[in-house]
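Peer 1: need a 3D model of the following:
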Amino acid sequence: MIPISIENICKWTMGEIIQRGRFDSISNITIDSRKAIKGSLFIPLSGEKYDGHTFIPHAAGNGCRIALIQKDVVLPEALPEDMSLIKVSNCLESLQNIAKGYRDLFSVPVIAVTGSNGKTTTKDMVAGVLGVKYNVLKNKGNYNNHIGLPLTLFELNETHECMVLEMGMSGLGEIELLSSIAKPDIAFITNIGWAHIEKLGSKEMIAKAKLEIVSGLKEDSTLVINGDDEYLCKKTAQLTAEYHLTKVGTLPGNNLRAVEVTDQRGSGFTFKTNLTADKVFMVNHPGRHHIISALFAVWAGRHFNMNHDEVYRGLLQFEPSGMRMEHITSKERLFINDAYNANPDSMKAAIEYLKQLPSKKRIVVLGDMLELGKFAETCHRDLANNIIDAEIDDVVLVGSVTSFTAETIMHASSLLHQITGQGDTVLVKGSRSMGMERIIQHFMEGEN
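Peer 2: Got it, this is the predicted structure:
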């Protein structure tokens, strides 16, 4: 982070200095008092069970000498006299406004990524490809929301040459906020699926929420979408906006299309494109559903003037985030840990991947798909049809639309010892709160 003056912080937050200390600028922003250091601005956020203002003395003890104070809050006692305090109307909004102001200090191009499925993989692939040639900033872990994205922007400095920012949401208005903060030059939408259907109620509303990403696009910018997603294509065709629309996918009619896709016996795939038919790209990560993510990365590489060898190298080096089609070998069985999350679309894709994987026997261990609301029964019944069509040998189901207990974990693990043998492959997947990865961990720790 480059230094920011206390005057800029006041301007961006419309704040008032109520106590002036001896520090006139900051070089770090934190919402965690444990991470406060000399030169930090501490922003006290509050939740249902805590008030961040109570941690200001702790932040001060760690060297922080500037903090925001939300109006009508009683100041903690024993604050250092040389600590600057800035009163603002709302600390969370101030965090976001500071991020917006800080973003405006840079002319770094920004790619924003959203979608119901595959947005993290797409972000990582795109950042990996661009990282071969450029210094890229991307959000880490789950820093893709109204708090995490601003904190990511504070990592930006003069050495960065581009940013790739994932934008998540659970309701309307959230991506619009993130897009207004980041002001992307390019936006990617991976698909419109079932994630968040419980809260939003329909794919129509999910599409509306995802398409909010265009609200912050700069003039003459580009929106790139998954052209294989018929519903997404329909919705973008209805928009009237001042941006260029580009489609990537495997079907005819896409601007950038994957052709001659070849599986590497479950360990990845190669493909060519309609624009470089004599050049092959390779992804050493399983699942044909990742072709779309790879195409976004190829498009980004071409857009930023990278040659084929550079893009090829970036895709080849791609490593997914944890618990996403992760291969784990234990007791001569192959486990596919795809337990990061689950919804009908990602569940279907994982089962289709398992179907084409060479194996002695194929087993699925599936947990509940949560947050489906009134669609829960229909979606779980449709899942049964996916399993039947894939000719899965054995099925283990855990949960009952609730988080399952340690007893259930041990039971599922014990069952796997009984029904699996050498050379078998086991897919483990469920919604994040189900913690399905614990079944694999218990199996690995247990005895045969």
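Peer 1: would residue 278 count as being in a strand?
Peer 2: No: counting by DSSP: H, G, I helix; E, B strand; the rest coil, residue 278 is not part of a strand but coil.
Peer 1: roughly how far apart are it and residue 295?
Peer 2: 17 Å (Cβ to Cβ, to the nearest Å). For glycine as for every other residue, the C-beta is placed from the backbone atoms N, C-alpha and C.
Peer 1: which of those two has more neighbours?
Peer 2: Taking neighbours as other Cβ atoms under 10 Å, residue 278 and residue 295 compare with residue 295 leading, 28 against 6.
Peer 1: not counting its neighbours along the chain, what's nearest residue 324?
Peer 2: Nearest in space to residue 324, with sequence neighbours left out and distances taken as Cβ to Cβ, 6 or more residues apart in numbering, is residue 340 at 5.4 Å.
Peer 1: how many neighbours does that neighbour have?
Peer 2: The burial count for residue 340: 20, using other Cβ under 10 Å.
Peer 1: SS state for it?
Peer 2: Once three-state DSSP is applied, residue 340 turns out coil.
Peer 1: list the contacts of it.
Peer 2: 321-324, 432 (Cβ atoms under 8 Å, 6 or more residues apart in numbering).
Peer 1: element containing the residue positioned nearest the centre of the chain?
Peer 2: What sits nearest the mean C-alpha location of the chain, by Cα atoms, centre = their mean, is residue 120, with 3.7 Å. Per DSSP states H and E: residue 120 is located in helix 119-130.
Peer 1: for the residue lying closest to residue 118 once chain neighbours are set aside, grab phi and psi.
Peer 2: In space, and not counting its chain neighbours, residue 118 is closest to residue 190: 4.4 Å by Cβ to Cβ, 6+ apart. Backbone dihedrals for residue 190, given as degrees, to the nearest 10, come out at phi -80, psi -40.
Peer 1: now do the same contact list for residue 190.
Peer 2: 113-119, 122, 226, 292-293, 296.
Peer 1: rerun that using 6 Å as the cut-off
Peer 2: Shown in contact with residue 190 (Cβ atoms under 6 Å, 6 or more residues apart in numbering): 115, 118-119, 122, 226.
Peer 1: state the pLDDT value of it.
Peer 2: If you check residue 190, the pLDDT there is 96.
Peer 1: ok, residue 446 next?
Peer 2: 73.
Peer 1: try residue 204
Peer 2: 91.
Peer 1: before we move on, which element is it in?
Peer 2: helix 203-210.
Peer 1: with just CA atoms, put the helix or strand following that helix into CSV.
Peer 2: Note on helix 203-210: by DSSP H and E, the next helix or strand toward the C-terminus is strand 221-226. What follows is strand 221-226, C-alpha atoms only, in CSV (Å, rounded to 0.1, in the frame of the first residue of the first chain):
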residue,chain,number,x,y,z
SER,A,221,-15.0,-1.6,-21.8
THR,A,222,-15.6,-5.2,-22.5
LEU,A,223,-18.0,-7.8,-21.1
VAL,A,224,-16.9,-11.4,-21.7
ILE,A,225,-19.5,-14.2,-21.0
ASN,A,226,-19.8,-18.0,-21.3
